[in-house]
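J.: requesting a structural model of the entry that follows:
(chains A and B)
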Protein chains: 2
Amino acid sequence: VHKHVSDSTVRRLSHYLRALEVLEIEGPFTVSSEELAERGGTTAAQVRKDLSHFGSFGKRGLGYAVPQLAAKLRSILGLNRRWRVALVGAGRIGSALFAYPDFKQRGFDVVAVLDSDPEKIGACWGDVRVAPADHLDEVIRTLGIELVVLAIPADAVQEVADRAVAAGAHGILNFAPKQVRVPKGVHLKHVNLVMELEALSFAINQDGGPA
Amino acid sequence: VHKHVSDSTVRRLSHYLRALEVLEIEGPFTVSSEELAERGGTTAAQVRKDLSHFGSFGKRGLGYAVPQLAAKLRSILGLNRRWRVALVGAGRIGSALFAYPDFKQRGFDVVAVLDSDPEKIGACWGDVRVAPADHLDEVIRTLGIELVVLAIPADAVQEVADRAVAAGAHGILNFAPKQVRVPKGVHLKHVNLVMELEALSFAINQDGGPA
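T.: Modelled structure (predicted):
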């Protein structure tokens, strides 16, 4: 168990894995930290440091064996198995997420979609039927769901997160523009689309002169 | 100009501003670093460190004056003005983004939507008509667009980013699951929705035992 791995390290591991997966198809069979760094948008020293959290890989002068390092990263990232995901919120963001092809390819199966709008309940999304949001607890328990994605309005998000956690969810991905609290032991990620734009406006604003 | 402000600092500034804006309405008029830390999900020392990048705020024992600190953070984040945004990609993610109410409220005006699909071109989205993706250069120049949001397939993203930059865009927000390169002086943020789920699967996987 690796306690002090930062969010940015985890993100870089995801990027390294993507680079390795291209190499798995296109070759070559080995890759240096320099090459991995270039493909991951970082430095060779950072690659070595990131990987050193998880043991010893590669040989000095020989680089990393691509298939082995890819397999190891999949295992570290929990991608050598499938995850059962419930999506709460069948609105625009929910439907965009549901249609995102990479989720399934990466092992994330959206096996339930829930909404509180009677007009949406009962609709078929692929082979998933939109269920009433009231059924969240039952859905999580009976389908063995571990990850819950919240694509619902901000005012509902804490209550739904609380119910998801009580029913046994281990991870929450929140798209609502509101911070959510979860108890210790439950993992939370927040995607705030406006904050991503704010990070750009900050950076451009800094270019313009002193604040 | 503040060169060494990390992405996570910028993100926390966005959170502090949100907390301050609640206080602007609900009171009280002053706030301590402790209170701001609690609302921003961090520590008082971190709050003080984050703010110290931008000058001296607050008085020991008295805390921060809420309206002044909020105004200062808006200025730092570039939110005391409006930004003209073009959205490339009128698919599911694009339409979800377009409908996101907080963009406008925060000063981001999506004044152009572009797509290469003849079935989408010409559609009216609010008071914006979907334009052909070919017109990107012209749209950026004539509308004075600074920020470009890419919600298009991965294989098209580098070419469109190159064109956006050549036409004068200063910031790119990329939703495609592919890394994009931009020249120095142009700012880039990447939102990879699968990577957010991977960060959760990583964390849950770490709970389960040694990697």
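
J.: run a quick neighbour tally on A:Gln105.
T.: Other residues lying near A:Gln105 total 10 when counted by other Cβ atoms under 10 Å in any protein chain shown. C-beta coordinates here come from the backbone N, C-alpha and C atoms, glycine included.

J.: ok, residues contacting stretch A:115-123?
T.: With Cβ atoms under 8 Å, 6 or more residues apart in numbering or on different chains as the test, stretch A:115-123 has contacts from A:Val88, A:Gly89, A:Ala90, A:Gly91, A:Gly94, A:Arg129, A:Val130, A:Ala131, A:Pro132, A:Ala133, A:Asp134, A:Ala156.

J.: quick one, what contacts A:Glu26?
T.: No residues are in contact with A:Glu26 under the rule Cβ under 8 Å, 6+ apart.

J.: how much space between it and A:Thr42?
T.: Using Cβ to Cβ, to the nearest Å, we find A:Glu26 at a distance of 21 Å from A:Thr42.

J.: cool, A:Val113 as well?
T.: The gap separating A:Val113 from A:Thr42 is 36 Å, by Cβ to Cβ.

J.: between the two, point out the one with more neighbours.
T.: A:Val113 (28 against 18).

J.: which of the three states applies to the more buried one?
T.: Under the three-state scheme (DSSP: H, G, I helix; E, B strand; the rest coil), A:Val113 adopts strand.

J.: for the contacts of stretch A:115-123, name the two members farthest from one another.
T.: Spatially, the most separated pair among these is A:Arg129 and A:Ala156, at 21.2 Å (Cβ to Cβ).

J.: neighbour count winner among those two?
T.: When A:Arg129 and A:Ala156 are compared for neighbours, A:Ala156 comes out ahead with 16 against 12, by other Cβ under 10 Å.

J.: distance check, the more buried one against chain B.
T.: Distance of A:Ala156 to chain B, computed by Cβ to the nearest Cβ, to the nearest Å: 15 Å.

J.: report pLDDT for that residue.
T.: pLDDT recorded at A:Ala156 is 94.

J.: which one's the longest helix in chain A?
T.: Longest helix of chain A, by residue count under DSSP state H: helix A:7-26.

J.: list the buried ones in that helix?
T.: Neighbour counts using 16 or more other Cβ atoms under 10 Å in any protein chain shown place A:9-20, A:23 of helix A:7-26 among the buried residues.

J.: report the angle between it and helix B:7-26.
T.: Calculated by axes from the mean of the first three to the mean of the last three Cα atoms, to 10 degrees, helix A:7-26 forms an angle of 130 degrees with helix B:7-26.

J.: counting by contacts, list what the helix or strand just after helix A:7-26 packs against.
T.: Sequence-wise, the next helix or strand downstream of helix A:7-26 (DSSP states H and E) is strand A:30-31. When contacts are defined as 3 or more Cβ pairs under 8 Å, 6 or more residues apart in numbering or on different chains; DSSP states H and E, strand A:30-31 packs onto helix A:7-26, strand A:64-65, helix A:66-76.

J.: mind checking the pLDDT average for the shortest one?
T.: For strand A:64-65, mean pLDDT is 93.

J.: within the sheet, what are the partner strands of that strand, with directions?
T.: Neighbouring strands of strand A:64-65 in its sheet, by DSSP bridges, are strand A:30-31 (antiparallel).

J.: where does A:Leu173 sit: helix, strand or coil?
T.: The three-state label given to A:Leu173 by three-state DSSP is strand.

J.: that one against B:Met195, yeah?
T.: No - at 10.9 Å, A:Leu173 does not count as touching B:Met195 under the criterion of Cβ atoms under 8 Å.

J.: low-confidence ranges in chain A?
T.: Low-confidence segments of chain A (pLDDT under 70): A:1-3, A:209-211.

J.: contacting residues for A:Leu193?
T.: Applying Cβ under 8 Å, 6+ apart, the residues contacting A:Leu193 are A:Phe175, A:Pro177, B:Leu97, B:Tyr100, B:Asp102, B:Phe103, B:Val191.

J.: backbone dihedrals for the closest residue to the first one other than its chain neighbours, please?
T.: When you say that, I think you mean A:Phe175. The shortest distance from A:Phe175 to any non-neighbouring residue, by Cβ to Cβ, 6 or more residues apart in numbering or on different chains, is to A:Ala151 (4.7 Å). The phi/psi pair for A:Ala151 (degrees, to the nearest 10) reads phi -120, psi 60.

J.: repeat that for A:Ser56.
T.: Dihedral angles (degrees, to the nearest 10) for A:Ser56: phi -110, psi 130.

J.: that one: how many residues sit nearby?
T.: A:Ser56 has 7 neighbours, counted by other Cβ under 10 Å.

J.: quick one: buried residues of whatever helix or strand A:Ala164 lives in?
T.: Element membership of A:Ala164 [criterion: DSSP H and E] is helix A:154-166. Residues of helix A:154-166 classed as buried by neighbour count (16+ other Cβ under 10 Å): A:Ala154, A:Ala156, A:Val157, A:Gln158, A:Val160, A:Ala161, A:Arg163, A:Ala164, A:Val165.

J.: can you tell me which of those residues is nearest chain B?
T.: Taking Cβ to the nearest Cβ as the measure, chain B lies nearest A:Ala154 of those, at 9.2 Å.

J.: neighbours around the nearest residue to the closest one once chain neighbours are set aside, how many?
T.: Of all residues not flanking A:Ala154 in the chain, A:Lys178 sits nearest, at 3.7 Å (Cβ to Cβ, 6+ apart). By the criterion of other Cβ under 10 Å, A:Lys178 has 15 neighbours.

J.: tell me the contacts of A:Pro67?
T.: Per Cβ under 8 Å, 6+ apart, neighbours of A:Pro67: A:Glu24, A:Phe29.
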